[in-house]
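In: Whatever this is, show me its structure:
(one chain, ligands or ions: 2)
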Amino acid sequence: MSSRSILVVDNDTVIREYLATFLAARGHAVECLGSGDEAIERLASGFSPLMILLDIVPPDKDGIEVLSNFKSIDPSIPIITLSRIGQIKTVVEAMKIGASGYLTKPFEEEALELEIDNVLEKQRLKEEVKTLKQQLAYIEQGNILTSNPQMLRIIDIARHVAGTDVPVLILGESGVGKEVVASFIHEQSNRSDGPFVKVNCAALPHELLEAELFGYERGAVTSAIRDKTGKFEQADKGTMLLDEIGELSPYLQTRLLQVLQDSEISRLGSKRPVKINVRVLATTNKKLKEAVLKGEFRNDLYFRLNVIKFELPPLRERREDIPLLCNHFLEKYRDRYQSPVRQIPKELMELFLRYDWPGNVRQLENVVKRYLILPDADIISELKTANTEAVAVIPTRTVSLKEVSGHAAEVAEKEVVLRVLEDTGWNRKEAARRLMISYKALRNKLKKWQLVRQRPEVVRALGKSA
Ligand SMILES: Nc1ncnc2c1ncn2[C@@H]1O[C@H](COP(=O)(O)OP(=O)(O)OP(=O)(O)O)[C@@H](O)[C@H]1O
Ligand SMILES: [Mg+2]
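Out: Ligands and ions are numbered 1, 2, ... in the order given. Below you'll find the model as predicted:
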């Protein structure tokens, strides 16, 4: 039972006592008052009952006036009117100005119980609609679609901290929506009219990244033929998203720490510091705490960035979002790809619900896109393969251990190559370096797998395509 009490307003002591006993016996907390004026005063002082049972035709005061007063103090409190036979006109008037139900004295206990249950049920539905509307509002505001309690809580906190200037660290596996949350924070903040500047710390080699972040003065390096404004300056009065912060070199970690401490930067080749007003958000899919313990990431920088930390759950831990996201992507891309698909077939949706989605929402988005373009493709077996069940796709008749392990390795290899390519913005040289293979070897692999950076539908792999 709810801890909020039911307020009974009736000048008849017998009725008051009867209702108090009746309601208390059903587990409700009850408060009784004998006059409209007392009740108005009580509500005006901030008392918020679960509902009000109001004698609509008291001898001393106009009941309709009391009701209007209640409604103007708090229109959300439901009111059930109590009247006598022959007072139907007043009851109708009361319903018009917002009473939720009515009872005619003398009433049966069942009628009273039913009326109260009806009102409580209506209240519950109203609350539910309100929550659903709030969830829809999130979609409209921030492109974040979710019905998962943990995600909703994160969004709620994100909305609250958006207005402050503290750094926010957003952690989570690849494709879970870290960037979506970061842009939501920017949109909700009072910096939303300012720029939202994104820098991927893993996409550029260390020296280029430094120039990118801080800018340079003409002549700072041989290739610097004119001044260049860095991203920090570009993000002035706005928000800067440092993507993949875990990849920052020790030297740049130190420089970033200085920026956060002093709110100023100096361009390469310049001794003149420039004041900047930037809010920093950072994301990573690395376990940053572990990197700190291993000495790879500065402890003091970690603490600076970690004022507020969001850990976004992977899609497999919020499967309730799968149908929601699926339909969202279906609606979003159907027209663009002029697809005849109207909905995801039941069998496929069931597989989606069971699948583990290592590439999270991005992978789901790509799979839906691909289904829209090629509805006849065998997505079911492809997903099974990608789900590291590679072994299962080799027919047992022809089983050869070498073949099985070779195939499994190739699936895993392809996944890794794709990820690295994506992380480097398809910079093949850099990708080869990180994969510790030659550029030529990488090119051969891409050729063999027919992997090219094209429109997503052409990329056959189901992992992280572009
Ligand atoms: N809750 C969501 N509602 C709608 N779309 C989402 C949601 N989460 C993610 N997406 C979509 O999924 C894709 C991946 O999201 P995002 O880029 O934010 O992931 P990420 O965590 O930053 O990934 P990475 O670690 O690879 O950078 C984007 O296209 C984004 O629009
Ligand atoms: Mg990202």
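
In: just the helices in the stretch 301-450 of the chain please.
Out: 321-334, 346-354, 360-373, 379-386, 401-423, 428-435, 439-449 (DSSP state H, counting those that start in this stretch).

In: Determine which stretch of those helices is the most buried.
Out: helix 360-373 (a mean of 22; mean count of other CB atoms under 10 Å). The way it works is simple: take the backbone N, C-alpha and C, and place the C-beta from them, glycine included.

In: so how far is that helix off the chain centroid?
Out: 19 Å (CA atoms, centre = their mean, to the nearest Å).

In: With stretch 355-363 instead?
Out: Distance, centroid of stretch 355-363 to centroid of chain: 16 Å (CA atoms, centre = their mean).

In: first to last residue in it, what's the distance?
Out: 11 Å (CA to CA, to the nearest Å).

In: One more: stretch 6-21?
Out: Rule used - CA to CA; the end-to-end distance of stretch 6-21 is 12 Å.

In: can you count the residues close to N285?
Out: 19 (other CB atoms under 10 Å).

In: now do the one 4 residues further on
Out: Neighbour count for K289, taken as other CB under 10 Å: 13.

In: Residues contacting the strand or helix carrying it, please?
Out: Here K289 sits within helix 288-293, counting by DSSP states H and E. Here helix 288-293 makes contact (CB atoms under 8 Å, 6 or more residues apart in numbering) with 169, 171, 245-246, 297-299, 302, 306.

In: Alpha carbons of it, as CSV, please.
Out: Extracted in CSV, the C-alpha atoms of helix 288-293 (Å, rounded to 0.1, in the frame of the first residue of the first chain):
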residue,chain,number,x,y,z
LEU,A,288,41.5,2.9,-17.8
LYS,A,289,41.8,2.0,-14.1
GLU,A,290,44.0,-0.9,-15.1
ALA,A,291,46.1,1.3,-17.4
VAL,A,292,46.6,3.5,-14.3
LEU,A,293,47.7,0.6,-12.2
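
In: Return the distance of that helix from the chain's centre.
Out: 26 Å.

In: Ok, stretch 308-318 next?
Out: 9 Å.

In: same question, stretch 284-304
Out: 25 Å.

In: Provide a list of residues in contact with the residue of the stretch 101-250 of the chain at minimum distance from ligand 1.
Out: Here the stretch 101-250 of the chain gets closest to ligand 1 at one residue, G177, 2.8 Å apart by CB to the nearest ligand atom. Applying CB under 8 Å, 6+ apart to G177 gives the contacts 144, 312, 360-361.

In: Most neighbours among the contacts of helix 288-293, which one?
Out: If you count neighbours using other CB under 10 Å, the busiest of the contacts of helix 288-293 is I245, which has 29 neighbours.

In: and the closest residue to that residue other than its chain neighbours, how many residues sit next to it?
Out: Distances taken as CB to CB, 6 or more residues apart in numbering place A282 nearest to I245, at 4.1 Å, with adjacent residues excluded. As a burial measure, A282 scores 27 neighbours (other CB under 10 Å).

In: Can you classify A282 as helix, strand or coil?
Out: strand (DSSP: H, G, I helix; E, B strand; the rest coil).

In: Look at whichever residue of the stretch 201-350 of the chain sits closest to ligand 1 and report its pLDDT.
Out: In the stretch 201-350 of the chain, the residue that lies nearest ligand 1 is N285 (4.7 Å; CB to the nearest ligand atom). For N285, the pLDDT comes out at 89.

In: Repeat that for the one 10 residues further on.
Out: According to the predicted model, the pLDDT of G295 comes to 93.

In: Phi, psi for it please.
Out: Phi and psi for G295, reported as degrees, to the nearest 10, are phi 80, psi 10.

In: what sits against the residue nearest to I245?
Out: 167-170, 241-243, 245, 305.

In: 10 Å - rerun?
Out: 167-171, 178, 182, 201, 240-246, 248, 256, 288, 301, 304-306, 309 (CB atoms under 10 Å, 6 or more residues apart in numbering).

In: Isn't the residue of the stretch 201-350 of the chain closest to ligand 1 up against S174?
Out: Yes: look at N285 against S174 with CB atoms under 10 Å: they come within range, at 5.0 Å.

In: quick one: secondary structure of D37?
Out: D37 - assigned by three-state DSSP - is helix.

In: Where does the nearest residue to it once chain neighbours are set aside sit: helix, strand or coil?
Out: Residue nearest to D37 in three dimensions, not counting chain neighbours: K61, with 6.8 Å by CB to CB, 6+ apart. Under three-state DSSP, K61 falls in the coil class.

In: follow-up on the earlier one: ok, which of the contacts of G177 also contact ligand 1?
Out: Subset of the contacts of G177 in contact with ligand 1: 144, 361, counting by CB under 6 Å from any ligand atom.

In: Taking the contacts of G177 together, which two end up most distant?
Out: I144 and N360 (13.5 Å; CB to CB).

In: got the residues of the stretch 1-150 of the chain near ligand 1?
Out: 143-146.

In: would a markdown table of these with secondary structure, neighbour count and pLDDT be doable?
Out: What follows is these, written out as a markdown table (DSSP: H, G, I helix; E, B strand; the rest coil; neighbours: other CB atoms under 10 Å; pLDDT from 0 to 100):
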| residue | secondary structure | neighbour count | pLDDT |
| --- | --- | --- | --- |
| N143 | coil | 15 | 78 |
| I144 | coil | 18 | 88 |
| L145 | coil | 19 | 90 |
| T146 | coil | 23 | 90 |
